[in-house]
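*Asks:* Just the structure for this:
(chains A and B)
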Amino acid sequence: MKNRTGITAIMVASVFGMTCLGCLSGDGAKIIKVSAKRFEYSPQQITLKKGTPVVFQFTTEDRTHGFNVPSMNLRADIVPGKITELKLTPQQTGEFDFFCDIFCGSGHEGMNGKIIVTE
Amino acid sequence: MNKEIDRREFLKLTSIGGVVFISGLSGQPALSLPFGKTKDFFFVQLSDTHWGFEGAKINPDAKGTLIKAVKEVNSLEQKPDFIVFTGDLTQTTDETNLRKARMKEFKQIVGELDTKVVHFMPGEHDASLDRGETYKDFFGETHYTFDHKGVHFITIDNVSDPTGSIGEEQLEWLKTDLAQQKPDSNIVVLTHRPLFDLYPQWDWATRDGAKAIDLLMPFQNVTVFYGHIHQENHHMTGHIAHHSAKSLMLPMPLAGSTPKRQPIPWSTSEPYKGMGFRNVLSQSKLDQYQLSEYPIKEDAIV
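*Replies:* Numbering: from 1, shown residues only, chains lettered A, B, ... in the order given. Sure thing, here's the model as predicted:
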């Protein structure tokens, strides 16, 4: 029974490792994976809880993009072949727009998304 | 001081020296050179022509607007000494050959301007995908200076770096150039993106623009003309005035006035609304500039 439980736990961890649902970083912060490609982010809408620390892990599927949330003073370069991390503990509830601030082509101006911080 | 100003306040400000608006929305404003034999002169600013843009809901006359603007500039009563294009000459494309074709077509169209001295600079649509390589083949350097009748013009490239930065190398070049100027020199900066944080949420800023403003701040007479935001905006950073120009392809809404940064749709009742160009009268004796805004006229449809 112990062995079966152990195997189940590993499988769950493996599945969660692919999608990172509920993944935690070394210091216990929830990991939010964000993938960028021309001209969109996935996910485009990210919901966080006020006061709960998270770590963004950014990757790009094509070229260098930016991730900029001016109202949170948060930004990163998302470079091909690399995972870029940003830590955030949201202090205010509300909606905060993010966008690509590294020109990436004809749809660049529409490459944006939203962080929603709830109580 | 770092503030947004409306027209009325600006007129009040400029009554004690600086810049004066003359609005010509209903036709060509009557400008005159008031001092007889002076160093006063006109120059025209055209911006954000986005040649190659397609989108009938935004501008069904995308292939005609620039041609009309050229004809209207040629018909100005007060002939400009020179013309400046403050970036985004062409609509961006991933295809190098198409970019070249657009730049070639653009150059042919503006080659019809009667004014033979034309100064260009890139916008991010022209230069950010290849760091200005194709642009340079057609239009030359992306940052440079020139002098005209006692005014020192400096073009700053804040687009060849796709992060929207000027970069340390160019800032050092700017510092070296300014070292040759006197504190009371008349200086005009031409650039594409706003040097100040107009609205970073829509990328209406230059990442290291504050460094350029810091370098310019010791000089008493500095005015900046720029594009990028596709509308008029008049702003002061300390004593430095910043004036953005309208687009000649697609107008944009006021910063933050819409949920998304998207062009304003074409108005059938008011075609070409929000598009136009600017004639600038430089009055060296008063250290001031008079700005006259010109619309695109519907009856000039090509």
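*Asks:* Strands of the chain, start to end?
*Replies:* The chain I'm using is chain A. A:30-37, A:40-42, A:45-49, A:54-60, A:65-69, A:74-78, A:84-88, A:94-99, A:112-118 (DSSP state E).
*Asks:* try chain B instead
*Replies:* Under DSSP E, chain B gives strands at B:2-4, B:19-23, B:41-46, B:82-86, B:118-121, B:144-148, B:151-156, B:186-191, B:221-226, B:233-237, B:240-244, B:276-283, B:288-295.
*Asks:* wait, which of the strands of chain A is closest to B:V44?
*Replies:* strand A:94-99 (32.6 Å; C-beta to C-beta). All C-beta atoms are positioned from the backbone trio N, CA, C, and that covers glycine.
*Asks:* in chain A, what residue is nearest chain B?
*Replies:* Among the residues of chain A, A:F103 lies closest to chain B, at 3.7 Å counting by C-beta to the nearest C-beta.
*Asks:* Could you double-check that that residue sits in contact with B:D126?
*Replies:* No: A:F103 is beyond contact range of B:D126, at 10.5 Å (criterion: C-beta atoms under 8 Å).
*Asks:* Turn the strands of chain A into a markdown table, columns for mean pLDDT and mean neighbour count.
*Replies:* Shown next, in a markdown table, are these (pLDDT from 0 to 100; neighbours: other C-beta atoms under 10 Å in any protein chain shown):
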| stretch | mean pLDDT | mean neighbour count |
| --- | --- | --- |
| strand A:30-37 | 97 | 18 |
| strand A:40-42 | 98 | 17 |
| strand A:45-49 | 97 | 14 |
| strand A:54-60 | 97 | 20 |
| strand A:65-69 | 97 | 25 |
| strand A:74-78 | 96 | 18 |
| strand A:84-88 | 96 | 15 |
| strand A:94-99 | 96 | 18 |
| strand A:112-118 | 97 | 18 |
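*Asks:* In TSV: those, plus distance to chain B.
*Replies:* Shown next, in TSV, are these (distance: least, C-beta to the nearest C-beta, whole Å):
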stretch	distance to chain B
strand A:30-37	14
strand A:40-42	13
strand A:45-49	13
strand A:54-60	13
strand A:65-69	7
strand A:74-78	8
strand A:84-88	14
strand A:94-99	6
strand A:112-118	7
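*Asks:* will you turn these into TSV that also has distance to B:G274?
*Replies:* Below are those laid out as TSV (distance: least, C-beta to C-beta, whole Å):
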stretch	distance to B:G274
strand A:30-37	32
strand A:40-42	28
strand A:45-49	31
strand A:54-60	35
strand A:65-69	26
strand A:74-78	30
strand A:84-88	37
strand A:94-99	23
strand A:112-118	22
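*Asks:* Lowest average pLDDT across the strands of chain B?
*Replies:* Among the strands of chain B, strand B:19-23 has the lowest mean pLDDT, at a mean of 47.
*Asks:* can you pull out the helices in chain B?
*Replies:* B:7-14, B:65-74, B:96-110, B:124-127, B:133-139, B:168-178, B:209-216 (DSSP state H).
*Asks:* now the longest one and strand B:82-86, what's the angle there?
*Replies:* If I follow you right, that is helix B:96-110. 150 degrees (axes from the mean of the first three to the mean of the last three C-alpha atoms, to 10 degrees).
*Asks:* Now tell me what touches helix B:96-110 from outside.
*Replies:* Contact partners of helix B:96-110, identified using C-beta atoms under 8 Å, 6 or more residues apart in numbering or on different chains, comprise B:49, B:51-52, B:66-67, B:70, B:85, B:89-93, B:118, B:126, B:130, B:134-135, B:137-139.
*Asks:* and for A:F103 and B:D126, which residues touch both?
*Replies:* Joint contacts of A:F103 and B:D126 (C-beta under 8 Å, 6+ apart) are B:T92, B:V159.
*Asks:* Can you pick out the residue with more neighbours from those two?
*Replies:* B:D126 (32 against 24; other C-beta atoms under 10 Å in any protein chain shown).
*Asks:* Pull the contacting residues for the closest residue to that one other than its chain neighbours.
*Replies:* Computed as C-beta to C-beta, 6 or more residues apart in numbering or on different chains, the closest residue to B:D126 that is not its neighbour in sequence is B:Y135, at 4.8 Å. Taking C-beta under 8 Å, 6+ apart, we find B:Y135 in contact with B:M103, B:P122, B:D126, B:A127, B:T142, B:S160.
*Asks:* Wait, A:I78 touches A:G66, no?
*Replies:* Yes: in this structure A:I78 lies within contact range of A:G66 using C-beta under 8 Å: 6.9 Å.
*Asks:* anything in contact with each of those two?
*Replies:* Counting by C-beta under 8 Å, 6+ apart, nothing touches both A:I78 and A:G66.
*Asks:* Which residues of chain B lie near chain A?
*Replies:* B:91-94, B:124, B:128-129, B:159, B:162-164, B:200-203, B:207, B:260-262 (C-beta under 8 Å from any C-beta of the partner chain).
*Asks:* now with 10 Å?
*Replies:* Within chain B, the positions near chain A by C-beta under 10 Å from any C-beta of the partner chain are B:52-53, B:91-94, B:123-125, B:127-129, B:159, B:161-165, B:197, B:199-203, B:205, B:207, B:252, B:256, B:259-263.
*Asks:* Can you give me the neighbour number for B:P218?
*Replies:* Counted with other C-beta under 10 Å, B:P218 comes out at 10.
*Asks:* Find the residue closest to the residue in chain B positioned nearest to chain A in space, skipping its chain neighbours.
*Replies:* Using C-beta to the nearest C-beta, B:S128 is the residue of chain B that sits closest to chain A, at 3.7 Å. Distances taken as C-beta to C-beta, 6+ apart place A:F103 nearest to B:S128, at 3.7 Å, with adjacent residues excluded.
*Asks:* thought the one you found was touching B:G164?
*Replies:* Yes: between A:F103 and B:G164 a contact is recorded at 7.1 Å, counting by C-beta atoms under 10 Å.
*Asks:* shared neighbours of the two, anything?
*Replies:* A:G66, B:E124, B:S128, B:D203 (C-beta atoms under 10 Å, 6 or more residues apart in numbering or on different chains).
*Asks:* I appreciate the help and will end here.
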